[in-house]
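Novice: need coordinates for the following:
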Amino acid sequence: MHEKIIKAIALRYREDEDLAPLVLAKGQGRIAEAILELANQSDIPTFADPELVKLLEGVEVGEYIPPEAYLLTAEIIAFLWRMEDKIKQNKE
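Specialist: Okay, the predicted model is just below:
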């Protein structure tokens, strides 16, 4: 029986600063669990997308994501921004 290996990649995108989303951290197993736990503790939204992880596995920490990952990443960022807006509206 094979256990599924957990992988995580943390991205940052600052509209006024970054040319594209930037890889802040990445890892698998315990490192991935630590990345997800830090995101949870900091109220940073997470999103599971195996296709995007596969596209970004070769990108080093500190590098921008490759152009072939732009569309999928943009869809996820837009989804997360909409979620944040809904949360803010519910708090008001």
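
Novice: can you list phi and psi of K26 for me?
Specialist: According to degrees, to the nearest 10, the main-chain angles of K26 amount to phi -160, psi 150.

Novice: hey, which helix is longest across the chain?
Specialist: helix 70-91 (DSSP state H).

Novice: what lies in contact with that helix?
Specialist: 11, 13, 20-21, 45, 47, 49, 51-52, 55, 65 (Cβ atoms under 8 Å, 6 or more residues apart in numbering). C-beta coordinates here come from the backbone N, C-alpha and C atoms, glycine included.

Novice: go with 10 Å
Specialist: With contacts defined as Cβ atoms under 10 Å, 6 or more residues apart in numbering, helix 70-91 is touched by 11, 13, 15, 20-21, 43-49, 51-52, 55-56, 64-66.

Novice: dump the C-alpha coordinates for it into CSV.
Specialist: Taking Å, rounded to 0.1, in the frame of the first residue of the first chain, the C-alpha atoms of helix 70-91 are listed here in CSV:
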residue,chain,number,x,y,z
TYR,A,70,0.2,31.8,-15.6
LEU,A,71,-3.4,31.0,-16.6
LEU,A,72,-4.0,28.3,-14.0
THR,A,73,-2.3,30.4,-11.3
ALA,A,74,-4.4,33.5,-12.3
GLU,A,75,-7.6,31.5,-12.0
ILE,A,76,-6.7,30.3,-8.5
ILE,A,77,-5.6,33.8,-7.3
ALA,A,78,-8.9,35.3,-8.7
PHE,A,79,-10.9,32.6,-6.9
LEU,A,80,-9.0,33.3,-3.6
TRP,A,81,-9.5,37.1,-4.0
ARG,A,82,-13.3,36.5,-4.5
MET,A,83,-13.3,34.3,-1.4
GLU,A,84,-11.6,37.0,0.6
ASP,A,85,-14.0,39.6,-0.6
LYS,A,86,-17.0,37.5,0.5
ILE,A,87,-15.4,36.9,3.9
LYS,A,88,-14.9,40.7,4.3
GLN,A,89,-18.5,41.4,3.2
ASN,A,90,-19.8,38.8,5.8
LYS,A,91,-17.9,40.5,8.6
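
Novice: all strands for the chain, in order.
Specialist: Using DSSP state E, the strands found in the chain span residues 7-12, 22-28.
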